[in-house]
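Engineer: 3D model of this:
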Amino acid sequence: MSENNEKKQEHSSKDTQRKDEKIKDVSVEEKLKETEDKLLRSLAEIENQRRRFEKEIKDAFEFGSFNFAKESLAILDNLQRAKQAIKNDEILKNNKDLDKFLENISIIENDLVSIFEKNRIKKIDSNGKKFDPNIHQAMAEIEDEKSEIGTIVQEIQPGYMLGERLLRPALVGVSKKKNTKNEKIEEKKEEK
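Structural biologist: Next up is the predicted model:
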């Protein structure tokens with residue numbers, strides 16, 4: 001009997017050993033899968049971060065000069081205002097050298113516009129176009145029977161784009177139909 005018992009114990013210990021090995025194998029496999037999953041998540045996170053950094057670097061190169069470009073538009077605006085003021089000044093109109101001076105201002109203005117264009121700063125073409133709130137800012141409504149409602153009939157200040165990004169909206173006057181209500185009130189006043 002003792003031999004029988006020994007065999008049973010031996011057999012039982014082998015079964016227990018096999019079960020322990022299976023449990024170890026399963027837990028090792030689970031740990032391996034868990035570790036692999038963590039590794040894949042970490043790699044995906046690193047890849048997302050790399051893409052985000054690349055985009056930030058690209059934006060910095062493309063639009064890093066955005067504030068400088070926006071403020072430089074004031075130089076062009078002031079140059080154009082000065083040119084117009086000089087042309088309209090009655091005292092200066094009689095000056096012999098005025099044309100030479102205005103020609104020099106025009107050269108400077110053209111150089112500045114050329115520099116802007118080389119740096120992807122382009123003027124927004126507004127006159128006669130349909131009003132777009134993404135690139136225009138309406139400053140006035142102007143009664144105009146000839147133009148369709150919502151058409152830009154006056155450009156108060158030009159707008160500019162830096163690549164595909166709005167640098168400054170164009171300040172515009174937009175057409176509207178003549179107000180017939182006001183006409184009727186004025187006609188009634190005239191009748192009285």
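Engineer: Make sure residue 154 is indeed in a helix.
Structural biologist: No - going by DSSP: H, G, I helix; E, B strand; the rest coil, the assignment for residue 154 is strand, not a helix.
Engineer: residue contacts, it?
Structural biologist: 127, 140, 142, 172, 173 (C-beta atoms under 8 Å, 6 or more residues apart in numbering). For glycine as for every other residue, the C-beta is placed from the backbone atoms N, C-alpha and C.
Engineer: Next one: it from residue 35, what distance?
Structural biologist: 69 Å (C-beta to C-beta, to the nearest Å).
Engineer: any idea of the pLDDT on the residue positioned nearest the centre of the chain?
Structural biologist: Centroid check for the chain by C-alpha atoms, centre = their mean gives residue 165 as the closest residue, at 4.0 Å. If you check residue 165, the pLDDT there is 88.
Engineer: ok so, going back, which of the contacts of residue 154 fall in strands?
Structural biologist: 140, 142, 172, 173 (DSSP state E).
Engineer: Show me which of those are buried.
Structural biologist: 172, 173 (16 or more other C-beta atoms under 10 Å).
Engineer: need the ones in strands among the contacts of residue 154 in CSV with distance to residue 148 and pLDDT, can you?
Structural biologist: CSV is the format used below for the ones in strands among the contacts of residue 154 (distance: C-beta to C-beta, whole Å; pLDDT from 0 to 100):
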residue, distance to residue 148, pLDDT
140, 17, 90
142, 13, 89
172, 15, 94
173, 14, 93
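Engineer: from the ones in strands among the contacts of residue 154, which two are the most distant?
Structural biologist: 142 and 172 (9.6 Å; C-beta to C-beta).
Engineer: returning to what we had before: biggest separation within the contacts of residue 154, which pair?
Structural biologist: Counting by C-beta to C-beta, the most remote pair of the contacts of residue 154 is 127 and 140, 14.2 Å apart.
Engineer: wait, isn't residue 131 in contact with residue 149?
Structural biologist: No - applying C-beta atoms under 8 Å as the test, residue 131 and residue 149 come out as separate, 9.3 Å apart.
Engineer: Looking at the two, which is more packed in?
Structural biologist: Set side by side, residue 131 and residue 149 show more neighbours around residue 131, with 18 against 12, by other C-beta atoms under 10 Å.
Engineer: Next, the contact list for the more buried one, please.
Structural biologist: By C-beta under 8 Å, 6+ apart, the neighbours of residue 131 are 138, 150, 151, 152, 172, 174.
Engineer: which stretches of this protein form helices?
Structural biologist: For the chain, the helices defined by DSSP state H cover 2-63, 66-88, 90-93, 98-118, 180-191.
Engineer: Check the offset of stretch 103-123 from the chain's centre.
Structural biologist: Chain-centre distance of stretch 103-123: 23 Å, with C-alpha atoms, centre = their mean, to the nearest Å.
Engineer: Quick check: the residue lying closest to residue 155 once chain neighbours are set aside vs residue 88, distance?
Structural biologist: In this structure, residue 155 finds its nearest non-sequential neighbour in residue 126, 4.9 Å apart by C-beta to C-beta, 6 or more residues apart in numbering. Noted for residue 126: a distance of 23 Å to residue 88, by C-beta to C-beta.
Engineer: That's all I had, so thanks and see you.
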